[in-house]
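*Asks:* Quick one, fold the following:
(one chain, ligands or ions: 1)
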Amino acid sequence: MTDLLNQAYDPENFRDQAHRLVDLIADHLESSYNQSDNIVLPWMDPDLRLRKWQDEIGQEFDFEPFWKDTIAETIHIHHPKYMGHQVCASLPLAGLGELLNGTLNNGSAIYEMGPVSTAMERVVIDWLCGAIGYGKKASGVLTSGGSLGNLTALLAARQHQSGFDHWNEGKIDGFHPAIMVSEESHYSVSRAVQIMGWGEKGVIKVPSNHLHQLDASQLEFIYDRAIKQGLTVIALVANSCSTSTGSYDPLEDMADFSEKKGLWFHIDGAHGGAAAITPKYRHLTKGIERADSVVIDFHKMLGVSALTTAVIFKEGLRSYETFNQKAFYLFNNEEREQWFNSAVRTMECTKNMMGVKVYAILRTYGPQIFIDHFTTLYDLGRQFASLLSACSDIEVPIEPESNIVCYRYIRPEKTDDELNVLNEEIRRKIIESGRFYIVKTRIGQKTYLRTALMNPFTSQADMTALISEIRRFGESG
Ligand SMILES: Cc1ncc(COP(=O)(O)O)c(C=O)c1O
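*Replies:* Next up, the predicted model:
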């Protein structure tokens, strides 16, 4: 053991550093919430920032300035004027779970390597299955992100639906599997299909209606056309909700169609699937309990830190089919379901102690914390949209169903192309000013500003201030 190792492992050193860092983080949260710090994203060109941190590495190290600077320089998701990508202002308790995770470093691939997080994960998954309306046979796993969650579920769908042992036999001639999904789906869905080797033709896009929801009246036609082209459609995938506009696909119609054609029905509920647990917004996910599999990100709408994703299955035993058709849950010849060895069902071998964060929040505040978090953010989405709709120089293309709101600044004398450029410019100026963070999207040929209300502290005053800023840049552009 070297002196350096001794110092680095010293519990008293850790105690002192942890207290100081937690104090800095708490100060940061306070100054973000009350906006005494008025910068959301301290903008700097990426190359300049890289140079700054390259130079820094050779300098003398001082604990507090280093952490202070790290916090100050990064994006402040907990600032009420952060209204950008779909990452939540995580509950501070989730951060304490992360501290435990990083310090105890339980790998959790197999039971012995994370006995408590494994048990907690099971409790959390069982709770979520019940809360969305799944029956007793449901189960699933936590995994690192919605993208991995979609792949995990679609691998299970492939194995279950192929009619042969796809996992072990691989591709066979004349079998061209495909999924049907709304043209609005997140790219992780088509990426999952292409990772599985089905090529571009493996993703059959179903057109959406004027509200950007999958148009169920097209399903029969699109399906028949795919069959005529020699494809075997194995799954239908729904958005609950879509990334770009936050639109909810018609789950009941899609479940009916899946049943009729014998398809696996998967719901990408990474962003908005948790509506199912809230009394106020449950109607948006009517039919969710009929899906074969559902993905829900705790780190988007449920206040948990990234990454924490639930992949849940109506028939829990199917989750073992992701990586093997054989009854992998019967492990070591034991007639016992191996729910406690998470590696048999997830892509990860070593994995974070995700269950601990979610369990700690559930245990401390009860399920109401998730309901409050989700409902507050969706309410804010509606509030923001109604403020925007009252402005004659702002266009809101669709009334939002979620907390994702798209809009653009308009000037009557400008063409659509000029308005695209103007709105790009508005966003650039907003980002570089650092006082707000918003993103953008394309709907058809038009560029829209896009805001996801991810912070329960965002108020009407913050929204009004953003609108003023947009107008200021819009008028001068
Ligand atoms: C609908 C949808 N699905 C999947 C994902 C991917 O989730 P993650 O970023 O956790 O991988 C996103 C991310 O924004 C999403 O909006």
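*Asks:* Please count neighbours and contacts with C-alpha atoms only from this point.
*Replies:* Fine.
*Asks:* Just the buried residues of the helix or strand bottoming out on mean pLDDT in the chain, please?
*Replies:* Scoring the helices and strands of the chain by mean pLDDT, DSSP states H and E places helix 166-169 at the bottom, with a mean of 90. By neighbour count on 16 or more other CA atoms under 10 Å, the buried set for helix 166-169 is 166-167.
*Asks:* Show me what it is packed up against.
*Replies:* Judged by 3 or more CA pairs under 8 Å, 6 or more residues apart in numbering; DSSP states H and E, helix 166-169 is in contact with helix 146-161.
*Asks:* rerun that using 6 Å as the cut-off
*Replies:* Using 3 or more CA pairs under 6 Å, 6 or more residues apart in numbering; DSSP states H and E as the contact test, no helix or strand touches helix 166-169.
*Asks:* need the helices for the stretch 1-150 of the chain, in chain order.
*Replies:* 3-9, 11-33, 46-56, 63-73, 92-104, 115-132, 146-161 (DSSP state H, counting those that start in this stretch).
*Asks:* Convert the C-alpha atoms of the fifth one to CSV, please.
*Replies:* It refers to helix 92-104. Provided in CSV are the C-alpha atoms of helix 92-104 (Å, rounded to 0.1, in the frame of the first residue of the first chain):
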residue,chain,number,x,y,z
PRO,A,92,-31.5,15.6,-4.3
LEU,A,93,-32.2,12.3,-2.6
ALA,A,94,-31.4,10.6,-5.9
GLY,A,95,-28.0,12.2,-5.7
LEU,A,96,-27.4,10.7,-2.3
GLY,A,97,-28.2,7.3,-3.8
GLU,A,98,-25.6,8.0,-6.5
LEU,A,99,-23.1,8.8,-3.7
LEU,A,100,-23.7,5.4,-2.1
ASN,A,101,-23.6,3.7,-5.5
GLY,A,102,-20.2,5.2,-6.4
THR,A,103,-18.7,4.6,-3.0
LEU,A,104,-20.0,1.1,-2.3
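*Asks:* Report the inter-axis angle for that helix versus helix 11-33.
*Replies:* 150 degrees (axes from the mean of the first three to the mean of the last three CA atoms, to 10 degrees).
*Asks:* Please list the residues outside helix 92-104 that contact it.
*Replies:* 304-305, 353, 357 (CA atoms under 6 Å, 6 or more residues apart in numbering).
*Asks:* How about the residues of the stretch 101-250 of the chain by the ligand?
*Replies:* 145-147, 186, 188, 241-243 (CA under 6 Å from any ligand atom).
*Asks:* Who wins on neighbours among the residues you listed?
*Replies:* If you count neighbours using other CA atoms under 10 Å, the busiest of those is residue 241, which has 29 neighbours.
*Asks:* May I have the phi/psi pair for the nearest residue in space to it that is not next to it in sequence?
*Replies:* Leaving aside its sequence neighbours, residue 241 sits nearest to residue 248 (CA to CA, 6 or more residues apart in numbering; 4.5 Å). In terms of degrees, to the nearest 10, the main-chain angles of residue 248 are phi -100, psi 130.
*Asks:* pLDDT score for residue 248?
*Replies:* Looking at residue 248, its pLDDT stands at 98.
*Asks:* repeat for residue 332
*Replies:* pLDDT, read off for residue 332, is 58.
*Asks:* just residue 325 next, same as before
*Replies:* 49.
*Asks:* Mind jotting down where the strands sit in the stretch 251-400 of the chain?
*Replies:* Ranges of strands within the stretch 251-400 of the chain are 264-268, 293-297, 309-313, 394-395, based on DSSP state E, counting those that start in this stretch.
*Asks:* Tell me where the model's unsure across the stretch 51-200 of the chain.
*Replies:* For the stretch 51-200 of the chain, no stretch has pLDDT under 70.
*Asks:* that older thread, a markdown table for the helices of the stretch 1-150 of the chain, including distance to residue 140?
*Replies:* As requested, the helices of the stretch 1-150 of the chain are exported to a markdown table (distance: least, CA to CA, whole Å):
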| stretch | distance to residue 140 |
| --- | --- |
| helix 3-9 | 36 |
| helix 11-33 | 34 |
| helix 46-56 | 39 |
| helix 63-73 | 35 |
| helix 92-104 | 21 |
| helix 115-132 | 6 |
| helix 146-161 | 10 |
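*Asks:* if we can go back for a sec, who are the contact partners of the residue nearest to residue 241?
*Replies:* 213, 239-241.
*Asks:* mind putting these in TSV, pLDDT included?
*Replies:* Supplementary listing: those in TSV, determined by pLDDT from 0 to 100:
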residue	pLDDT
213	98
239	98
240	98
241	97
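*Asks:* And the furthest pair within those residues?
*Replies:* 213 and 240 (9.6 Å; CA to CA).
*Asks:* which of those two has more neighbours?
*Replies:* residue 240 (31 against 25).
*Asks:* thinking again about what came up before, for the helices of the stretch 1-150 of the chain, state which one has the densest average packing.
*Replies:* helix 146-161 (a mean of 24; mean count of other CA atoms under 10 Å).
*Asks:* What angle do strand 293-297 and that one make with each other?
*Replies:* 170 degrees.
*Asks:* Also compute the angle for helix 146-161 relative to strand 309-313, please.
*Replies:* Using the same axes, to 10 degrees: helix 146-161 against strand 309-313 is 20 degrees.
*Asks:* Let me see the domain layout of the chain.
*Replies:* The chain breaks down by automatic domain parsing into domains covering 13-91+367-477, 107-366.
*Asks:* From start to finish, how long is the shortest one in a straight line?
*Replies:* As for domain 13-91+367-477, its first-to-last residue distance stands at 54 Å under the measure CA to CA, to the nearest Å.
*Asks:* now swap in the longest one and tell me
*Replies:* Its first and final residues considered, domain 107-366 spans 27 Å by CA to CA.
*Asks:* Show me how far it is from its chain's centre.
*Replies:* In terms of CA atoms, centre = their mean, to the nearest Å, the centre of domain 107-366 is set 13 Å apart from its chain centre.
*Asks:* With the shortest one instead?
*Replies:* For domain 13-91+367-477, the separation from the chain centroid amounts to 17 Å (computed by CA atoms, centre = their mean).
*Asks:* Name the stretch among the domains of the chain that sits most buried.
*Replies:* It is domain 107-366: most buried of the domains of the chain by mean count of other CA under 10 Å, with a mean of 20.
*Asks:* check contacts around whichever residue of the stretch 251-400 of the chain sits closest to the ligand.
*Replies:* Residue of the stretch 251-400 of the chain nearest the ligand, by CA to the nearest ligand atom: residue 270 (4.8 Å). Going by CA under 6 Å, 6+ apart, residue 270 touches 146, 295-297.
*Asks:* And residue 353, by the same measure?
*Replies:* Counted by CA under 6 Å, 6+ apart, residue 353 has contacts 101, 117.
*Asks:* Can you report phi and psi for it?
*Replies:* phi -80, psi 60.
*Asks:* what about the stretch 201-350 of the chain, any weak spots by pLDDT?
*Replies:* Low-confidence segments of the stretch 201-350 of the chain, defined by pLDDT under 70: 325-335.
*Asks:* Break down it into its helices, ranges please.
*Replies:* Taking DSSP H, counting those that start in this stretch, the helices of the stretch 201-350 of the chain run over residues 219-228, 251-261, 298-301.
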